[in-house]
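S.K.: When you get a sec, could you give me coordinates for this:
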Amino acid sequence: MQRLFSFIFGFVILAWSSVAASAAQGEYAVPDGSYLNSCRNAQVAGYNYGEKGLLTAQCRDGRGRYVNAQLQYSNCRGDIFNNNGQLGCDTGKSGRQVPFGSYLNSCRNAQVKGRTLSAECRTKNGAYHLAQIAYRYCRGDISNNNGQLNCRTQGDGDWYAEEGRITLFDRNDYRGKSVTLDRNYPNLDGLFNDAASSVRVYDGVWQACKDKNFQGGCILIDRNWRSLPQGTDNNISSIRRVQ
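M.R.: Below you'll find the model as predicted:
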């Protein structure tokens, strides 16, 4: 009996030591979710990260590659899922859990609607600018670049692009000279720089920016515009498809 008691006591001590060691390293059991079907190496950093649990994993994207993903999951109220290489979850509210990224350090009121992440992001002069991005194509950190949300996608720093067309007109009501674009243009100089007054969208969602390389004030264009908004009319220098 004494030998059996000693064995049980030793087993309890060993188990307690293992738990204590794991806790000391800040490791917690990973939460359940459908993401486990297409993600690997999942682990939780613990609640010492901004008082919220940080879930990290390598998740498979649409091309079969595994990419690093992370999510502050403490606000999740439903399934944690893999969205094309990005971790997301249902919060039980009107929107989904916003994706993790450095943009959270300088943006506020972030929310996800459908496939689009929107937030008010601080510019270099301290003002806050409404920014949007089709975040499901991001392959790494989502950052704030002077009031604009940016991220890397499939290519080496490139944005997502697929077949789609948009036509720019130099007069309102789809009149005047025009040019039809079917890919990203970081610089419209020599083609249609600062000339667009109306647009027709044939497919996709496009981001039009006042400066080259997708900088300056930008707007999302997801439908036809007979007259571009004030400040954008005759003031587009770069354009790219984001969805």
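
S.K.: Quick one: the helices in this structure, in order.
M.R.: Counting by DSSP state H, the chain has these helices, from start to end: 2-24.

S.K.: Show the low-confidence segments of it, by residue range.
M.R.: 1-28, 46-52, 62, 90-96, 114-115, 134, 136-140, 152-164 (pLDDT under 70).

S.K.: If you count neighbours, what's buried in stretch 206-217?
M.R.: For stretch 206-217, burial by neighbour count (16 or more other C-beta atoms under 10 Å) applies to W206, Q207, A208, C209, K210, F214, Q215, G216. Every C-beta, even on glycine, is put in place using the N, C-alpha and C of the backbone.

S.K.: for stretch 74-90, same thing?
M.R.: For stretch 74-90, by 16+ other C-beta under 10 Å, it's C76, I80, F81, N82, N83, N84, G85, Q86, L87, G88, C89.

S.K.: same deal with stretch 189-199?
M.R.: F192, N193, A195, A196, S197, S198, V199.

S.K.: Can you tell me what sits against it?
M.R.: Residues outside stretch 189-199 that contact it (C-beta atoms under 8 Å, 6 or more residues apart in numbering): 166-177, 179, 185, 187-188, 208, 212, 221, 224-228, 233-237.

S.K.: mind giving me the domain ranges of the chain?
M.R.: 28-94, 98-160, 166-241 (automatic domain parsing).

S.K.: What about the buried residues of stretch 74-90, which are in strands?
M.R.: I80, F81, N82, N83, Q86, L87, G88, C89 (DSSP state E).

S.K.: List the beta-bridge partners for the second one.
M.R.: Beta-bridge pairing for F81 (DSSP bridges): G88.

S.K.: That one touches S34, doesn't it?
M.R.: Yes: using C-beta atoms under 8 Å, F81 makes contact with S34 at a distance of 5.0 Å.

S.K.: What is the burial count for the closest residue in space to T232 that isn't next to it in sequence?
M.R.: Closest residue in space to T232, ignoring its immediate chain neighbours: I219 at 5.7 Å, by C-beta to C-beta, 6 or more residues apart in numbering. Here the number of neighbours of I219 (other C-beta atoms under 10 Å) works out to 17.

S.K.: I figured I219 hits A208, correct?
M.R.: Yes: the criterion here is C-beta under 8 Å, and I219 meets it with A208 at 5.7 Å.

S.K.: Quickly list what's touching both of these two.
M.R.: Contacts common to I219 and A208, judged by C-beta under 8 Å, 6+ apart, are T232.

S.K.: got a list of what P31 touches?
M.R.: P31 neighbours (C-beta under 8 Å, 6+ apart): V44, L55, Y73, C76, I80.

S.K.: quick one: it and C89, what's the gap?
M.R.: Per C-beta to C-beta, to the nearest Å, P31 is found 9 Å from C89.
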